[in-house]
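*Asks:* have a look at this prediction, sequence included:
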Amino acid sequence: MIKNFKWLLLVSLSFVACNNNDEDSAPVEIPITPGSASFAKYVALGDSFAAGYSDGALFKEGQANSYVNILAQQLAPAGGGAFTTPLMADNIGGLLLGGNVIAGPRLYFNGKGPVPVSGTPTTEVTNHLTGPFNNLGIPGAKSYHLIAAGYGNTAGVAIGKANPYYARFATSGTTTVLADALVQAPSFFSLFIGGNDVLGYATSGGIGVNQTGNLDPSTYGANDITDPNVFANVYSALATNLTATGAKGVVANLPYVTTLPYFTTIPFNPLTSSLLGGGSIPVGDATIAALNAQLYGPLKQALTAFGAGDRINLLSTTAANPLLISDEKLPNLSAQLTAAFTPTLGAAKAAAYGQVFGQARQATKADLVLLTTRGVIGGATGYPAPLDKFGITFPLLDKHVLIASEIAEVKVATDAYNVTIATIAESKGLAFVDSKSAMTQLATTGVRFGNYHMSAAYVTGGAFSLDGVHPSPRGYAYIANLFVNAINTKYGATLRTVDLASYQIQYPATIQ
């Protein structure tokens, strides 16, 4: 009897053990928790990325797919409260001021390229929305704008002293973005700001001013680079005020804006025989021969005489040739070229050649041709032949290309901003998103998820919208996941990331 009992006990224990092993092998759903953070009142501060700007405009569906809106949805199951956004009036995009269009509609891909959607914007700046709003992402905002009184004053919009997007919902004409955040007593905040402090300079081809050394941002122009000390002071003030009552938050550093598709899509050397011949290689070869004889050869000979022969090389029929550009950093040889060409061209024509080519050179891989320049290459210059084609027989202007020295200025400023952001994130105990590394990955190897691959390639990469600067819906979801992961790591939260495959890469012409 005892033997039978022992046998039964052994079988029973074995059965229990098998059941326990089965249960242990089943996936365990980890509860969604906030960790040491509280998401009861989440407020987001930032620029166009926080707002959800996409395809060259701000519109309702884009706002719904902003990274902060996606993040707010992921915070909700962990105690996150309501998250409100100052919605645009339509999915056309653009703005009206007193009934006049001051910002055009969004772009869509028509099968050949980006074109504006049909329709007229209906979002009127003077139709003020009642706030406060949790999403304080302001398209066009630089770091110092977040603490600038009057940045949302409707009366200042027409004269460029205020931001039209913020004027729609600022709590008063004299408040600041920071004040509109603090009045809500946030328990949690996100701060992703600083891209515009260099972006305007870069997208203008460097025609702005590098204001490093100037501590008075009230004297800055729209396309200027913000002094790193100004950025540091502003960022410190933002973080100090936002954390003063114990709020926790997440901040992000800045990628190099020059890695965006806006700067990497148009090659520096697109001039092949096929292109110059309109698709016909024989015609292109003949065109190249004529250009070398009439323009490139004489220029090369004259510049060589002045010790600058490396500026221009003859065009090749077997390789891709670089664009002609103007480089304001080069010594100006206008007078020398004018003198050299006068005997053969006459005084007037020689003077024109001297003026046009005094600081001209062919582009190199160190130069970045702006996305918007694609519509300029080969276009009319206002000069007679053979100086009648931009980038081919007439140098592209400063505003069309970002040269190496200008790229370096953007990099130096960005590096300084990122030191500030990392230092303050550490000192304030904030979650930190390394968006710079994420952008580097998108711009090089790309990112794989499931059966998908996403990169920074224009149109086909899936991460960026048609303006070449702002993310696509999937790109914004990717950013939201970066924020989720940073929050989980810092605060021990167990927030869920979103499925990137469920977000589209382009908006259609009509959004229902």
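*Replies:* In hand now; what should we look at?

*Asks:* which residues of the stretch 1-150 of the chain fall in helices?
*Replies:* Remark: helices of the stretch 1-150 of the chain, listed N- to C-terminal, are 2-25, 48-51, 60-64, 67-75; assignment by DSSP state H, counting those that start in this stretch.

*Asks:* quick one, domains of this structure?
*Replies:* By the record's domain assignment, the chain is partitioned as 42-261+405-502, 273-362+368-402 (automatic domain parsing).

*Asks:* go through those and pick out the most buried.
*Replies:* Across the domains of the chain, averaging neighbours per residue (mean count of other C-beta atoms under 10 Å) puts domain 42-261+405-502 on top, at a mean of 20. Every C-beta, even on glycine, is put in place using the N, C-alpha and C of the backbone.

*Asks:* ends of it, what's the gap?
*Replies:* End-to-end span of domain 42-261+405-502 (C-alpha to C-alpha, to the nearest Å): 25 Å.

*Asks:* and residue 421, helix, strand or coil?
*Replies:* The three-state assignment at residue 421 reads helix, by DSSP: H, G, I helix; E, B strand; the rest coil.

*Asks:* pretty sure it sits against residue 232.
*Replies:* No - in terms of C-beta atoms under 8 Å, residue 421 does not count as a neighbour of residue 232; the distance is 9.4 Å.

*Asks:* one step back: out of the domains of the chain, flag the one nearest residue 512.
*Replies:* domain 42-261+405-502 (8.6 Å; C-beta to C-beta).

*Asks:* can you tell me the average pLDDT over the closest one?
*Replies:* This predicted structure assigns domain 42-261+405-502 an average pLDDT of 98.

*Asks:* where do the strands sit along the stretch 101-250 of the chain?
*Replies:* Per DSSP state E, counting those that start in this stretch, the stretch 101-250 of the chain carries strands over the ranges 107-109, 114-116, 135-137, 188-192, 248-252.

*Asks:* for the fourth one, the distance to its chain's centre please.
*Replies:* Shown here is strand 188-192, whose average C-alpha point lies 19 Å from the average C-alpha point of the whole chain (C-alpha atoms, centre = their mean, to the nearest Å).

*Asks:* for it, which strands pair with it and how are they oriented?
*Replies:* Each strand pairing with strand 188-192, determined using DSSP bridges, is listed with its direction: strand 42-46 (parallel), strand 248-252 (parallel).

*Asks:* all strands for the stretch 351-500 of the chain, in order.
*Replies:* When assigned using DSSP E, counting those that start in this stretch, the strands of the stretch 351-500 of the chain occupy the ranges 360-362, 368-369, 401-402, 431-433, 447-449, 452-454.

*Asks:* give me the contact list for the fifth one.
*Replies:* What it means is strand 447-449. Where contact means C-beta atoms under 8 Å, 6 or more residues apart in numbering, the residues beyond strand 447-449 that reach it are 441, 453-455, 463, 478, 500-501.

*Asks:* helices - which of those land there?
*Replies:* Under the assignment DSSP state H, these contribute 441, 478 to helices.

*Asks:* out of the contacts of strand 447-449, who's nearest residue 38?
*Replies:* residue 478 (25.9 Å).

*Asks:* surely the closest one is in contact with residue 463?
*Replies:* Yes - distance between residue 478 and residue 463: 6.7 Å, which falls inside the contact criterion (C-beta under 8 Å).

*Asks:* give the residues shared as contacts by the two.
*Replies:* Common contacts of residue 478 and residue 463, defined by C-beta under 8 Å, 6+ apart, comprise 447, 454, 471.

*Asks:* state the distance from residue 377 to residue 129.
*Replies:* If you measure residue 377 against residue 129 using C-beta to C-beta, to the nearest Å, the figure is 42 Å.

*Asks:* try residue 312
*Replies:* Using C-beta to C-beta, one obtains 56 Å as the distance from residue 312 to residue 129.

*Asks:* then residue 79?
*Replies:* In this structure, residue 79 and residue 129 are separated by 27 Å, where distance is defined by C-beta to C-beta.

*Asks:* go on, residue 96?
*Replies:* Counting by C-beta to C-beta, the gap from residue 96 to residue 129 is 14 Å.
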